[in-house]
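Novice: got a predicted structure here, sequence first:
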Amino acid sequence: MRRPRIVIAGAGAIGCFVGGLLAADGRDVALLARPRVEAELAEHGLRLTGYDGMDVASAPDIGTDVSLLAQADVVLVCVKSGATAEMATLIAQHAPASARIVSLQNGLGNAQVLRAALPRHDVRAGVVGFNIVAQGKGRFHRSVSGDIYVEAGKGELGALLAAKGLAVTETAEIEAVQRGKLVVNLTNALNALSGHTLREMLLTRSWRRVMAAQMREALGVFAAAGLSVKVPAPVPSALVPHILRLPDWAFERVAKQMLTVDAQARTSMAVDLAAGKKTEVDALQGEVIRLGTAAGVQTPIAAQVKALVRQAEAGAPLTRLPTDIVL
C-alpha cells in the first residue's frame, strides 16, 4: 500500500522543521520551497536541532514546482498569512480533491480563507505551539517547548502527523486554541522591537508588564465578543497575565515551564524585521484591533505596538520602546 504523501506548502522555518521531522520518522514528505531554500538544502542538507538537545538529519523530497501538489494526500500550509490566498489558488489548481489541507499558520482567519477557496477539500485549522529559528546552512532550531494542535475531523490525521519529537493533538476546540496562541504571539512584536532574546525579556519585569497588558487587553476583547480562549499553557488563560506581572524572584519560581527557552531564542517576527521583511503584525495586533472595534472595546496597547512595528518596518528610528507605553 502506498504511504500517504505529505506536501509542505511553504518550506520556511516551520515547514522545514515539521516536514523534516516527519520525513526522519519515515513519512513520505515533499517540501514545496522557494529556489533559495531548495539551493540551501541541496548544498547543506536539512538539520533539525532543539533546546532539548535534539539533533536530527533529514532528507525529504524538495522542489519548487507546484506539480508536487498533484500527489498530495495531505497538504500542510505553512506560508505567511499574507500568502494564504495565493497558496489556496495553487492547491485548487494542482492538488487532488481528496487531499486534506491543514493550516499551520499564525493568526485566526487562514483556515477560513482556505475553506472558501477549497470547498471540495477537508480543510482543518491548526496551531504550532513552538518557535523555529532558521539558523542558516540548512539548520532549523526549535528554541521553545510546545506541541501541535489540529482540528478534529474524519480519519486519524493527528496520528499521521505525529512523529518522534513532534507531538500532535486533535481537538474540537481548535478555534479557542488559535485565539490562545494569538494571545501568546502578541509577544512576537515586542521581541522584534526589543533587541533582546525571549529569555531576557521573560526575566525582565518591565517587559513582562507589557506582555501582560497586551494579553489582558486581548482577553478582554475576546470576552466582549463572547469568544472562548485556550492559551496553550499549563495554567488557565486568565492567570497568565497575573503570573507575568509577578516580581522577578516569584516569576522564576512559578513559571519554570515558561522559561523553557534557549538563551538565544528570538521570535520569527524579530528575524523578519531584522531581515527587512514585512512582518505578521497585522495578523496579530491587527486582529485584536479589528475584533475590538467590532465589539466596541478600545485596544490602545495593540494599536501602539502595531504602530511601532510599522515604524520599524519603514526603517525609521524608534522614538520610544514598548516599555514606555502607558499601560
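Specialist: Thanks, I have it.
Novice: which residues sit against stretch 206-223?
Specialist: With C-beta atoms under 8 Å, 6 or more residues apart in numbering as the test, stretch 206-223 has contacts from 179, 182-184, 186-187, 190, 194, 196, 201-202, 228-229, 237-238, 240-242, 244-245, 251, 285, 288, 291-292, 295, 297, 299-302, 305, 322-323, 325, 327. (Glycine included, C-beta is placed from N, CA and C.)
Novice: tell me where the stretch 51-200 of the chain has strands.
Specialist: Assignment of strands within the stretch 51-200 of the chain using DSSP state E, counting those that start in this stretch yields the ranges 55-58, 61-63, 74-77, 100-103, 122-128, 132-136, 139-142, 148-151, 168-171.
Novice: what's the least confident stretch among those strands?
Specialist: Note on the strands of the stretch 51-200 of the chain: strand 132-136 shows the lowest mean pLDDT, a mean of 89.
Novice: ok, and for that one, which residues are buried?
Specialist: For strand 132-136, a neighbour-count test (16 or more other C-beta atoms under 10 Å) marks 132, 133, 134 as buried.
Novice: one more: stretch 15-33?
Specialist: Quick answer for stretch 15-33 (16+ other C-beta under 10 Å): 15-24, 27-33.
Novice: measure it end to end?
Specialist: Stretch 15-33 has its terminal residues 9 Å apart, counting by C-alpha to C-alpha, to the nearest Å.
Novice: kindly report the same for stretch 272-289.
Specialist: Taking C-alpha to C-alpha as the criterion, the two ends of stretch 272-289 lie 22 Å apart.
Novice: residue 224: which of the strands of the stretch 51-200 of the chain is closest?
Specialist: Set against residue 224 and scored by C-beta to C-beta, the strands of the stretch 51-200 of the chain come closest in strand 122-128, at 22.4 Å.
Novice: packing partners of the closest one?
Specialist: Applying 3 or more C-beta pairs under 8 Å, 6 or more residues apart in numbering; DSSP states H and E, one finds that strand 122-128 contacts strand 100-103, helix 110-117, strand 148-151, helix 174-185.
Novice: what's next to stretch 26-42, contact-wise?
Specialist: If you take C-beta under 8 Å, 6+ apart as the criterion, stretch 26-42 is touched by 3-12, 15-16, 19-20, 22-23, 60-64, 66, 68-69, 71-72, 136-138, 160, 163.
Novice: of the residues you listed, buried ones?
Specialist: The buried subset of the contacts of stretch 26-42 - by 16+ other C-beta under 10 Å - is 4-12, 15-16, 19-20, 22-23, 60-62, 64, 66, 68-69, 71-72, 138, 160, 163.
Novice: out of these, which sit inside helices?
Specialist: Using DSSP state H, the subset of the buried ones among the contacts of stretch 26-42 located in helices is 15, 16, 19, 20, 22, 23, 160.
Novice: does the second one touch residue 47 like I think?
Specialist: In other words, residue 16. No: using C-beta atoms under 8 Å as the test, residue 16 is too far from residue 47 to be in contact (9.8 Å).
Novice: any common contacting residues for the two?
Specialist: Common neighbours of residue 16 and residue 47, using C-beta under 8 Å, 6+ apart, are residue 140.
Novice: show me where pLDDT drops low in the stretch 201-327 of the chain?
Specialist: 257-259, 327 (pLDDT under 70).
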